[in-house]
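Sequence first, then the predicted structure, then my questions.
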Amino acid sequence: MTEQHGHARAEDGARLAYQRRGDGRALVLLAGQANNHLWWDRVRGDFHATHSTITMDYRGTGASDKPDGPYSTQGFADDVIAVLDELGVERADVYGTSMGGRVAQWVAARHPHRVRRLVLGCTSPGGEHGVERTNDVRRVLAGPGAAEALADMMYTPKWRADNPGPYTTLGDPAMPPHAVRGHLRASNEHDAWQVLPRIAAPTLVLHGDDDVLAPVANAALLAERIPDARAHVFPGARHAYFEEFRPLASTLVADFLTEAEAR
């Protein structure tokens, strides 16, 4: 299997680490807030029968630079394009989950010619139209037991008992504090509502109905706002539906990404 690692340069000069694995059509996988490419470790292999997977470390994470400048989902989207340019990928499928789904919205809306098919998982349009987590959830995540609380919001107790970890979706522990704050601000300030109708790529929206980090009501909002979009909700799934419900979730995504080939 082909593997490629390197760095792209963002417009401001920041070095952005990327990882490409496999052969075939490019599939960009975008991780959640304050996470690096390891977020996708359990899942990316599910797509290598038809795609090469491209991950990246957001600025502030992993092997990418960690500038103390402004962070935004629009800026992260520009970084994605810088990685695609470095790899010579003109058009890719894009699958973003959590904050990665917010970033993917901007990639698809601002660069429609670069996105063939779009998958948005456990995410939100943001702004006044998005349905945000409750203040109770925010307080728990800011408290002394935040790590355990986050794991509980990502996975059901039964799945955690059967899969004791370690989990690669609970944040990059090497992030400096300014980058953690920057990622939080970027996610909180995301608002793509006005540009969602510009998305030209066929879109699949996925969500768990027991997701308190990004409430499931956002799935319908996205599917209704984006042209040629449809949604699937996983009963009983929490935020990390893509891992806990992996067989079904990965099959749905793989089928969606390949169905256009038969048209």
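Great, that's in hand.

you'd agree residue 210 is up against residue 241?
No: the criterion here is Cβ atoms under 8 Å, and residue 210 misses it with residue 241 at 9.2 Å. For glycine as for every other residue, the C-beta is placed from the backbone atoms N, C-alpha and C.

Tell me which of these two has more neighbours.
Counted by other Cβ atoms under 10 Å, residue 210 and residue 241 do not tie: residue 241 has more neighbours, with 26 against 16.

Hmm, the more buried one is touching residue 207, no?
Yes: with contacts counted by Cβ under 8 Å, residue 241 reaches residue 207, the gap being 7.1 Å.

What separation do you get for residue 223 and residue 232?
9 Å (Cβ to Cβ, to the nearest Å).

Can you work out which residues contact both of these two?
residue 205 (Cβ atoms under 8 Å, 6 or more residues apart in numbering).

Show the residue spans covered by the strands in the stretch 1-150 of the chain.
3-9, 15-21, 25-30, 51-56, 92-97, 115-121 (DSSP state E, counting those that start in this stretch).

Out of the ones you listed, flag the one nearest residue 130.
Across those, residue 130 has its closest neighbour in strand 115-121 (12.4 Å, Cβ to Cβ).

Please enumerate residues in contact with that closest one?
25, 91-98, 100-101, 104-105, 107-108, 199-207, 222, 241-242, 249, 253, 256-257, 260.

May I have the worst-scoring helix or strand of the chain on mean pLDDT exported as CSV, CA atoms only?
The helix or strand of the chain with the poorest confidence is helix 135-141; it has a mean of 91 (mean pLDDT, DSSP states H and E). The C-alpha trace of helix 135-141 is given here as CSV (Å, rounded to 0.1, in the frame of the first residue of the first chain):
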residue,chain,number,x,y,z
ASN,A,135,-24.8,24.8,29.1
ASP,A,136,-24.8,21.8,31.4
VAL,A,137,-22.7,19.9,28.9
ARG,A,138,-20.3,22.8,28.6
ARG,A,139,-20.0,23.0,32.4
VAL,A,140,-19.2,19.3,32.6
LEU,A,141,-16.5,19.5,29.9
